[in-house]
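A.B. asks: Generate a structure from the sequence data that follows.
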Amino acid sequence: RKWLIENGFRILCEDIECEEHHVYNIIKAEKGVQKPYKKDISYHIPPELYGHPKLKFLYEKKMREFSKIVNGLETAENCDRKKLEYYRMSLKELKEIEKYVG
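C.D. replies: A predicted model of the protein is given here:
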């Protein structure tokens, strides 16, 4: 999403699909201008997907992904503190949207 928006595309619509243990984002975009999201977490789970019947699967995927990154950084010998704080904040922001997960 971030790449699309920063490179002259606007997102028309999105969907979430699941196949076995895989979760896919399907994005339809076209050339155009779109305002950047106010919160960084929206590049991972945009407000347009709140209430989506399969949002739970995307939410759980992002929770696993961010938690794994945080755990890895916390135990790393040469921890990138900036990256660690970014993903800790992302986990907090992710928990704030849990109420939209069905």
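
A.B. asks: Could you confirm Lys61 falls within a helix?
C.D. replies: Yes: counting by DSSP: H, G, I helix; E, B strand; the rest coil, Lys61 is part of a helix.

A.B. asks: got a list of what it touches?
C.D. replies: Taking CB atoms under 8 Å, 6 or more residues apart in numbering, we find Lys61 in contact with Val23. Just so you know, the C-beta spots here come from the backbone N, C-alpha and C atoms, and that holds for glycine as well.

A.B. asks: same thing with Glu48?
C.D. replies: By CB under 8 Å, 6+ apart, the contact set of Glu48 is 11, 13-14.

A.B. asks: Filter those residues down to the buried ones.
C.D. replies: Ile11 (16 or more other CB atoms under 10 Å).

A.B. asks: With distance to Lys61 added, can I get the contacts of Glu48 in JSON lines?
C.D. replies: Shown next, in JSON lines, are the contacts of Glu48 (distance: CB to CB, whole Å):
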{"residue": "Ile11", "distance to Lys61": "19"}
{"residue": "Cys13", "distance to Lys61": "20"}
{"residue": "Glu14", "distance to Lys61": "15"}
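
A.B. asks: Right, I'll call it a day here.
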